[in-house]
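**Student:** need coordinates for the following:
(one chain, ligands or ions: 1)
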Amino acid sequence: MSITVRAPAKINLHLGVGPGRPDGYHELSTVYQAIGLYDDVTATDAPEWTVTVSGSGELDVSEVPLDDHNIAIRAGRALTDHHGVDRAAALTIAKSIPVAGGLAGGSADAAAALVALDRLWDLQTSDADLLAIAGRLGSDVPFALVGGTAYGTGRGELVEPVVDHGQWWWVVVPNDAGLSTAAVYAEYDRLGLGETLRAPEGLFGALADAWPEGLSGELHNDLEPASLDLRPELALTKRDILECGAYAALLSGSGPTWLGLAGDADHAREMAAALASTYPVVLCAPGPVAGAHVVTYA
Ligand code: C5P
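**Tutor:** Coordinates of the predicted model:
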């Protein structure tokens, strides 16, 4: 028997980053949104842990580890350790989320693996335990389980739903050279940018009002200066997105993927067509979408 679980990419509509913590992480005040780009993880009972990875279209998956370092296998081992069971599985990951793009693709894979294995073996892990295991795997993994739009605190692992009445459309412009999240946070520290955190009340209002022009003024990413410092050429993509008519351009997480806020699906497709003359890969995605969910039992 196999089970396939689909998990979404995330973007940060607001990413407020506080000073570094003693554990090496940074305190966050962030608003996540799950968008319609997905990785699918298929889990099949097997005598030992294995992982295979494929990418849709032009997606480069060569940097994804195929050994025990793969976050989906680490998720599987964390789940079996939690339950004290000695089982293993073959995991097959079909990726559509750009790798090292600031879209939390690895976190999506971990969340999908947790749900797939929990169902495969009927472990009936409680939501609270699944979220706690997810949080130990990575700061964005709990959100990949929950999906929708959510406020994230702690190092990002504490998530609570946010009222979001919008049906937002994003143009997604990945970059073929990934950025290391840790390197961007280190640059943030070097630039001395850590600030007092606040809850983004204006953003919460714009999400509840479902008004794109209102949302555009509330999008914010504290990591943008650090990412641009490491990769100054990324500023050109921001300019191109704004020039083709986006309501706002937003760096996704630690980058290098940029997002353009569209008014609706047609506007997103028009902008994507215009940007496709300059950028090899341009995607359109709606948000918010559901978190990790079963798509196939076989
Ligand atoms: O939690 P995750 O493994 O995704 O984080 C990757 C890296 O990003 C961490 O090792 C850390 O350097 C940085 N990070 C951080 N503060 C956070 C989240 C991530 O400094 N809140």
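**Student:** ok, residues contacting stretch 114-133?
**Tutor:** When contacts are defined by Cβ atoms under 8 Å, 6 or more residues apart in numbering, stretch 114-133 is touched by residues 1-5, 7, 41-45, 75-76, 78-80, 82-83, 85, 87, 89, 91, 134, 141-142, 145-146, 159, 292-294, 297. From N, CA and C alone the C-beta is placed, and that goes for glycine too.
**Student:** what residues sit buried inside that stretch?
**Tutor:** 114-121, 123, 125, 130-131, 133 (16 or more other Cβ atoms under 10 Å).
**Student:** now render the residues you listed as JSON lines, adding pLDDT, secondary structure and distance to Leu261.
**Tutor:** Output for the buried residues of stretch 114-133, formatted as JSON lines (pLDDT from 0 to 100; DSSP: H, G, I helix; E, B strand; the rest coil; distance: Cβ to Cβ, whole Å):
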{"residue": "Leu114", "pLDDT": "98", "secondary structure": "helix", "distance to Leu261": "31"}
{"residue": "Val115", "pLDDT": "98", "secondary structure": "helix", "distance to Leu261": "30"}
{"residue": "Ala116", "pLDDT": "98", "secondary structure": "helix", "distance to Leu261": "32"}
{"residue": "Leu117", "pLDDT": "98", "secondary structure": "helix", "distance to Leu261": "36"}
{"residue": "Asp118", "pLDDT": "98", "secondary structure": "helix", "distance to Leu261": "35"}
{"residue": "Arg119", "pLDDT": "98", "secondary structure": "helix", "distance to Leu261": "35"}
{"residue": "Leu120", "pLDDT": "98", "secondary structure": "helix", "distance to Leu261": "38"}
{"residue": "Trp121", "pLDDT": "98", "secondary structure": "coil", "distance to Leu261": "41"}
{"residue": "Leu123", "pLDDT": "98", "secondary structure": "coil", "distance to Leu261": "40"}
{"residue": "Thr125", "pLDDT": "98", "secondary structure": "coil", "distance to Leu261": "36"}
{"residue": "Leu130", "pLDDT": "98", "secondary structure": "helix", "distance to Leu261": "32"}
{"residue": "Leu131", "pLDDT": "98", "secondary structure": "helix", "distance to Leu261": "29"}
{"residue": "Ile133", "pLDDT": "98", "secondary structure": "helix", "distance to Leu261": "34"}
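**Student:** what does this protein put close to the ligand?
**Tutor:** By the rule Cβ under 6 Å from any ligand atom, the part of the chain lying against the ligand is Gly24, Tyr25, His26, Leu28, Gly138, Ser139, Asp140, Arg155, Gly156, Thr181, Ala182, Tyr185.
**Student:** in helices only, show me the residues you listed.
**Tutor:** Thr181, Ala182, Tyr185 (DSSP state H).
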